[in-house]
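A.B. asks: sequence plus predicted model, see below.
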Amino acid sequence: MKISILSLFPDFFTSPLNTSILKRAVEKGLVTIQQVDIRDFADNKHRKVDDRPYGGGPGMVMMPEPVQSAIDFVRTNEAHIVYLTPQGKRFDAKMAERLAKKEHLVLLCGHYEGIDQRVIDLNVTEEVSIGDVVLTSGCPAALIVLDALIRFIPGVLGDEFSAYQDSFHTNDGGFDCPQFTRPYDFRGVKVPEVLTQGDHKKISEWRAKEGKAKTLRVRPDLNFEKIL
Ligand code: ADE
């Protein structure tokens, strides 16, 4: 899989891409990351890529030309172009799984008040939001999308850490269960007895029950009907 990240701050991604699972996925050749600085496509000597919004109002808007040129630079026939914006479809595990199957994913990061609408209408396959909150730019959102989807690329996680055994894929789409490790007694709180007795059927039942109970308590909107 190839992922092109178009932004004004490629440095934002340097440390996460050089850490842990993302780093290993790149090293193993399971994913290729292309970083593109939209400012490199500015057609003026000050490398200016933003201007005031038509109609007035606060902030600046990213000009269409450099964004279009950056998209044209990375575009392939398979390109699935995602624009990160608070006005997009809400990101979730199902979307991460779907995006992980794309041959070429382009993550377009907005800055300031956003990108000129025409360049979005002309190029973008889908608009995605990571939640009902406004971030400083699309970069942290792109990182979240990248991090979440990479877990669904075969070979990135070891089998025992499969993304399909985690929250939102297990327990009817609800939360994963609570986990415990040694010591058995921590500040007087003991590990639930069922986990210490080696009865794997009972352990599975207990884990499913705990995961579902917490989902109902904290996020009844997730899968209420299925759980009941
Ligand atoms: N850019 C700013 N806020 C965002 C959000 N919530 N999701 C995606 N991109 C964003």
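C.D. replies: Structure's in. What do you need?

A.B. asks: in the protein, where's the longest helix?
C.D. replies: helix 200-218 (DSSP state H).

A.B. asks: export it to PDB, keeping only CA atoms.
C.D. replies: Only the C-alpha atoms of helix 200-218 are listed here, as PDB (Å, rounded to 0.1, in the frame of the first residue of the first chain):
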ATOM      1  CA  HIS A 200     -10.500 -21.000  28.700                       C
ATOM      2  CA  LYS A 201     -14.200 -21.200  28.000                       C
ATOM      3  CA  LYS A 202     -15.000 -19.400  31.300                       C
ATOM      4  CA  ILE A 203     -12.300 -16.900  30.600                       C
ATOM      5  CA  SER A 204     -13.800 -16.100  27.200                       C
ATOM      6  CA  GLU A 205     -17.300 -15.700  28.600                       C
ATOM      7  CA  TRP A 206     -16.100 -13.500  31.400                       C
ATOM      8  CA  ARG A 207     -14.100 -11.300  29.000                       C
ATOM      9  CA  ALA A 208     -17.100 -10.900  26.600                       C
ATOM     10  CA  LYS A 209     -19.400 -10.100  29.500                       C
ATOM     11  CA  GLU A 210     -17.000  -7.400  30.900                       C
ATOM     12  CA  GLY A 211     -16.400  -5.800  27.500                       C
ATOM     13  CA  LYS A 212     -20.200  -5.600  26.800                       C
ATOM     14  CA  ALA A 213     -21.000  -4.400  30.200                       C
ATOM     15  CA  LYS A 214     -18.600  -1.500  29.900                       C
ATOM     16  CA  THR A 215     -19.800  -0.700  26.400                       C
ATOM     17  CA  LEU A 216     -23.400  -0.400  27.700                       C
ATOM     18  CA  ARG A 217     -22.200   1.700  30.600                       C
ATOM     19  CA  VAL A 218     -20.000   4.100  28.700                       C
END
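
A.B. asks: centre of the chain to it, how far?
C.D. replies: 26 Å (C-alpha atoms, centre = their mean, to the nearest Å).

A.B. asks: assign the nearest residue to V218 once chain neighbours are set aside to helix, strand or coil.
C.D. replies: Closest residue to V218 apart from its sequence neighbours, by C-beta to C-beta, 6 or more residues apart in numbering: F175 at 7.4 Å. Heads up, the C-betas are built off the backbone N, CA and C, glycines and all. Three-state assignment for F175 (DSSP: H, G, I helix; E, B strand; the rest coil): coil.

A.B. asks: how about the residues of this protein near the ligand?
C.D. replies: Residues of the chain lying close to the ligand by C-beta under 6 Å from any ligand atom are 84-86, 110, 129-131, 133-135, 138, 141.

A.B. asks: may I ask which of the residues you listed has the most neighbours?
C.D. replies: Sorting those by how many neighbours each has (other C-beta atoms under 10 Å) puts G138 first, at 31 neighbours.

A.B. asks: in this structure that one contacts I120, no?
C.D. replies: No - the pair G138 and I120 fails to qualify as a contact (C-beta atoms under 8 Å) at a distance of 11.9 Å.
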